[in-house]
Structures are given as C-alpha cells and as structure tokens.
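What follows is a predicted structure for the sequence shown.
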Amino acid sequence: MQGCKKGYFDLNQNPNQVTTPSLPSLLSTATHKSGINNYNVGSITSTYVQYLANPSAAAASDIYQEVDHTGTWDALYYAMADITDLKNLAIAQGAHEYTGVANILLSYNLSLVTDLWGDAPFSEAFSPTILTPKYDKQEDLYKTSLVLLDSAIAQLARPGSTFLLSTTSDLIHKGVKANWVKTAYALKARLLIKVSKTSAYDPAAVLAAVDKAYTSNADDAGMATFLTRNPWAQVARNNASLTLGGWLSEQLVDHLNGTTYGVFDPRIRKITDPNATPTHGIWKGTVNGAGNRPPGNNTVKDENYIAISSPWTADAAPILLITYAELKFIEAEAALATDPTRAYNAYLAGINANMDKLQVPAGAERTAYITAASVGAANLTRALIMKEKYIATYLNPEAWNDARRFDYAYKDFTLPQNAVLNTFIRRLAYPSGERSKNAKNIPNITSLADRLWWDK
C-alpha cells in the first residue's frame with residue numbers, strides 16, 4: 001500500500017462504479033428506505049399497542065423486557081445518511097424540489113428515532129470526521145423535525161426547477177410536487193398534536209396544518225415498491241407456514257369483534273381472516289404475554305393473524321406512512337374543545353375514509369357500525385376519537401405515540417400477562433450496537449417506563 005502512489009491509481013475508487021449517484025437514484029433509495037423503516041418500527045411498536053402478540057408466553061417484546069433493536073437503529077441512520085446525501089447533492093445542483101423532499105424524509109425518519117429512544121445523534125451524526133457524535137436533546141430533535149418540514153414547504157413553493165422530481169424514482173408520490181406539500185403539512189399536523197400534554201400545544205396551529213394537508217384517501221403517503229412483497233404480507237405468509245409471528249392481539253380483535261364496544265366492526269373482515277379451526281370462535285386474538293391458547297397453541301389456526309387478503313397487508317399493498325383518515329382524527333381531536341361540529345364531522349369522515357381504504361363494502365354491517373358511531377357533536381369525546389384512530393393507524397408506528405399521549409386509556413386495555421413493569425412501557429433501551437460504538441455519549445435511563453419529554 002505504501003508503494004502505490006495516488007498518481008498511479010486510487011485504491012479507494014472503483015472504476016466500474018458511479019462515484020456520484022444521480023438525484024433520481026438517491027430519491028429512489030430515500031423513498032424506499034423510508035417506507036421500509038415504517039415497517040421496521042411498526043414491527044416493534046405493534047406489540048406495545050397490542051395490535052400484535054407473540055405466540056409464546058412471556059416473549060420479551062410482549063412483557064416489556066429490554067430487546068436489542070440495533071438493526072432498526074442502523075436502518076434508520078443508514079436511511080438518514082442516504083437522505084442527507086440526496087439533500088446535499090440537491091443543494092449543490094440547485095434542485096429545490098429534491099431538497100424539499102429530502103427535508104420531509106429526514107424529518108420523518110428523525111421523528112421515528114426520537115419517538116423510540118428520546119435523545120439521539122443528529123446534528124453531528126453525518127459528519128465524516130466525527131465517529132462518536134453527541135446526542136441531541138429529544139425536545140431539540142422535535143423542533144428540528146418541524147424546522148425541516150417548514151424548510152421543505154418553502155423549497156417546494158419556489159418557482160420552476162430545472163430538476164423536476166422523477167416520476168419513476170419517487171416511490172411515494174410519483175413525482176407529484178403538490179402531494180409532497182400536502183404530506184409535509186400532514187406530518188406537521190402529526191408533530192403538533194403529539195405535544196398535546198405540554199404547554200407547547202397549539203390546537204389552532206394543528207388545524208392550520210390540517211387545512212393544507214390531505215383532502216382524500218388518494219393523497220395518502222404510501223410506498224409499494226418491494227423486492228418481493230410487502231413485508232407485512234411476508235409475515236402473514238410465514239405464519240401460514242408455521243414460522244410464527246403476525247398473531248393479532250386479543251385487544252385489537254376484541255376492539256373490533258363487538259366484545260369491547262358492543263358493536264361489530266366490519267373492518268375486522270378486511271384486517272384478518274376468520275379462524276379456519278375456530279376452537280375459540282372465528283374472531284379471537286392472542287393475549288399479550290400469555291401466548292397462543294391450547295390445545296394446539298401455535299400449530300392450530302384457531303386465533304387470528306395478519307392476512308394477505310387484507311388491502312393493508314397484501315403482497316402489493318403500500319406501506320402507509322400517513323393517511324387522510326389519520327389526519328381527520330387529528331383534526332377531530334384538535335377541534336374538539338372549540339368547534340365540536342367540525343370535530344364531529346372530521347371524526348365521521350375519518351371512520352368512513354378508513355373503511356373505504358380497507359375496502360369495506362356498503363351494507364348492513366357498515367351501516368350498523370356508522371349508526372352506532374353517530375353520537376352527535378354534543379356527545380363526541382376524545383376517547384371516541386382515539387378509539388377510532390387506534391383502528392385507522394393499525395400497524396403504523398404513530399399508534400404508540402398516541403397510546404402514550406392517551407396514557408393507554410383505551411377501554412379494557414390492560415398490561416400484558418407476565419409484564420416485568422408495573423406500568424405501561426414508554427420508551428426503548430438504547431441498542432447494543434450503539435452502546436459498543438458511542439457509549440460515552442448515550443444518556444442514562446433508569447427504566448423503560450421513563451417518559452419522553454412530550455409524554456409527561
């Protein structure tokens with residue numbers, strides 16, 4: 001190596017490899033990884049909000065034991081590194097549409113990180129000369145996420161660019177700039193409602209963002225380009241092959257089958273399939289922390305699990321980052337105190353939007369459910385809004401943020417069996433990979449019951 005002079009050849013350069021990727025290629029990577037990270041994080045949080053349950057008793061993720069999520073941490077930071085490359089190249093080339101989209105995706109992935117772990121590296125995370133970046137405070141990361149969205153909106157509002165978004169490389173909005181602007185405002189509304197417990201909460205600001213966001217299901221931010229299939233569909237296929245995983249929690253199933261609320265929700269037919277061998281009934285979930293029921297435990301299909309027949313988790317179904325239905329429930333919550341009529345109309349619109357997204361047909365079951373939900377503006381409560389939003393955010397990481405904001409106050413929502421905490425989980429432990437590489441900067445946490453700054 002000492003004998004090879006730079007003028008002869010550079011061992012760090014591959015002559016067969018492009019040294020500077022194009023904006024479209026970086027956009028493809030950034031949008032794809034952002035979609036997959038929604039799945040990566042959702043697969044962690046879905047047991048905490050009891051969408052899913054493990055088939056084995058006292059599984060670590062069900063009972064709040066520390067689980068090493070180095071893989072998800074790395075995936076989030078690799079995505080942000082790629083998005084940072086996209087942003088830097090876009091700035092260098094004056095491609096403000098790409099800059100705007102990069103800022104939206106940075107904000108999204110950064111929010112996923114800090115909503116799981118709190119304090120985290122960001123301001124120094126992508127410097128090639130800093131190997132042990134400092135941890136930024138979680139409240140500062142929240143503010144950074146908002147600044148990135150505002151910057152994105154400003155960049156996307158600039159007049160014509162010579163670098164228009166690629167319609168084929170943009171795996172979320174197919175190069176439609178107006179939809180990216182709506183997504184920026186949708187994510188902003190989500191961030192602003194997240195601080196509902198704090199003095200920073202401003203319902204009027206939430207509603208202002210909602211007004212500029214989605215107007216129908218067609219606006220939803222979804223990523224549907226996969227090497228093989230939607231990873232949730234792969235979970236369902238693995239379950240059918242007895243590779244375990246993907247079992248629906250009793251909490252979710254009872255939420256839908258009429259047990260908890262006394263009315264059958266037809267969305268259950270579009271989320272899961274009836275049990276093939278209904279020892280316990282055709283709609284039965286797995287109790288978190290208890291595992292599958294006898295006699296066959298996980299070898300008998302007598303409890304419900306993720307279905308490839310569902311428009312949400314089919315092979316080609318998009319991974320949904322944020323939806324119009326979620327926005328309507330954000331609107332309902334923000335408007336409830338000052339404009340009950342607006343809140344009520346948004347609440348009903350959210351239910352119908354989610355049913356439409358799940359392809360629930362018109363008929364007696366849907367009519368009966370909507371009739372039961374039609375309580376009138378004077379009787380609408382935050383609990384009813386959160387009840388419906390819980391369904392609309394099925395498998396989405398945002399559901400855990402809502403559960404924490406709502407103090408897990410869903411009806412009949414109980415601690416998992418065999419839980420190692422005496423209260424609900426509030427955060428993740430820092431992963432072992434980060435502890436081995438950047439231990440000196442990792443904040444000390446005392447318990448997975450420690451609350452993030454916006455959850456206090």
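Perfect, I can see it now.

Please make it C-alpha for all contacts and neighbour counts, starting now.
Will do.

Work out which residue lies at the spatial centre of this structure.
Centroid-nearest residue in the chain, with Cα atoms, centre = their mean: Pro397, separated by 3.0 Å.

ok, and the closest residue to that one other than its chain neighbours, which helix or strand is that part of?
Nearest residue to Pro397, sequence neighbours excluded (Cα to Cα, 6 or more residues apart in numbering): Gly42, at 4.5 Å. Per DSSP states H and E, Gly42 falls inside helix 23-48.

what's that helix packed up against?
The helices and strands touching helix 23-48, judged by 3 or more Cα pairs under 8 Å, 6 or more residues apart in numbering; DSSP states H and E, are helix 70-93, helix 96-117, strand 221-223, strand 319-322, helix 398-405.

how about these, which one is nearest Asn292?
Asn292 lies closest to helix 398-405 among those, at 23.3 Å (Cα to Cα).

For the closest one, name the packing helices and strands.
Contacts defined by 3+ Cα pairs under 8 Å, 6+ apart place helix 398-405 against helix 23-48, helix 177-194.

ok, 10 Å please
Under the contact definition 3 or more Cα pairs under 10 Å, 6 or more residues apart in numbering; DSSP states H and E, helix 398-405 sits against helix 23-48, helix 96-117, helix 177-194, helix 382-392.

Give me the residues contacting whatever helix or strand comes next after the first one.
What that stands for is helix 23-48. Per DSSP H and E, helix 23-48 leads on to strand 52-53 as the next helix or strand towards the C-terminus. Applying Cα atoms under 10 Å, 6 or more residues apart in numbering, the contact partners of strand 52-53 are 43-47, 59, 61-62, 245-253, 285-292, 304-306, 394-395, 416.

In helices, which of the residues you listed appear?
Of the contacts of strand 52-53, the ones assigned to helices by DSSP state H are 43-47, 250-253.

Identify the residues contacting the residue nearest to Val49 when sequence neighbours are not counted.
Distance criterion Cα to Cα, 6+ apart; nearest residue to Val49, sequence neighbours excluded, is Trp400 at 5.9 Å. Neighbouring residues of Trp400 by Cα under 10 Å, 6+ apart: 42, 44-50, 115-116, 390, 393, 406, 408, 425-427.

Double-check Ala125 against Tyr77; I have them as touching.
Yes: contact status for Ala125 versus Tyr77: in contact at 8.4 Å, counting by Cα atoms under 10 Å.

burial of Pro294, as a residue count?
Using other Cα atoms under 10 Å, Pro294 has 12 other residues around it.

Over to it. Which of the three states is it?
coil (DSSP: H, G, I helix; E, B strand; the rest coil).

Report the contact partners of it.
279-280, 300, 302.

That one and Thr286: what is the separation?
Pro294 sits at a distance of 11 Å from Thr286 (criterion: Cα to Cα, to the nearest Å).

coming back round to it: so what's the residue nearest to the centre of the chain up against?
37-46, 49, 112, 115-116, 321-322.

same thing with Leu321?
34-39, 108, 172, 183, 187, 220-223, 393, 396-398 are the contacts of Leu321 under Cα under 10 Å, 6+ apart.

rewinding a little: what about the residue nearest to the centre of the chain? Give its phi and psi, please.
Per-residue torsions, Pro397: phi -60, psi -30 (degrees, to the nearest 10).

Just the pLDDT for it.
Confidence at Pro397, expressed as pLDDT, is 98.

Neighbours of the nearest residue to Gln251 once chain neighbours are set aside, how many?
Using Cα to Cα, 6+ apart and skipping the chain neighbours, the partner closest in space to Gln251 is Gln50 (6.0 Å). Around Gln50 there are 26 other residues, counting by other Cα under 10 Å.

Could you list the low-pLDDT ranges of the stretch 151-300 of the chain?
The model of the stretch 151-300 of the chain has pLDDT under 70 over residues 296-299.

try it again with 90
Applying pLDDT under 90 to the stretch 151-300 of the chain flags residues 159-164, 239-245, 276-280, 293-300.

picking that back up, out of the contacts of Pro397, give me the one that has the most neighbours.
Neighbour count (other Cα under 10 Å) singles out Val49 as the most crowded of the contacts of Pro397, with 28 neighbours.

Can you give me the distance of that residue to Leu358?
20 Å.

With Leu106 instead?
According to Cα to Cα, Leu106 and Leu358 sit 29 Å apart.

Pull out the buried positions in stretch 130-150.
Of all the residues in stretch 130-150, those buried under the rule 16 or more other Cα atoms under 10 Å are 132-138, 141-142, 144-150.

wait, I meant stretch 198-207
201, 203, 206-207.

Name the nearest of the residues you listed relative to Ala337.
Pro203 (9.1 Å).

sec struct for the closest residue to that closest one other than its chain neighbours, please.
In space, Pro203 comes closest to Ala334 once its chain neighbours are excluded; the distance is 4.9 Å by Cα to Cα, 6+ apart. On the three-state scheme (three-state DSSP), Ala334 is labelled helix.

pretty sure Ala334 contacts Val195?
No: using Cα under 10 Å, Ala334 is not in contact with Val195, being 11.4 Å away.

okay, and the common contacts of those two?
Residues touching both Ala334 and Val195 (Cα under 10 Å, 6+ apart) are 201-203.

and the nearest residue to Asp115 once chain neighbours are set aside, how far is that from Lys194?
Leaving aside its sequence neighbours, Asp115 sits nearest to Asn401 (Cα to Cα, 6+ apart; 7.3 Å). For Asn401, the distance to Lys194 equals 7 Å [Cα to Cα].
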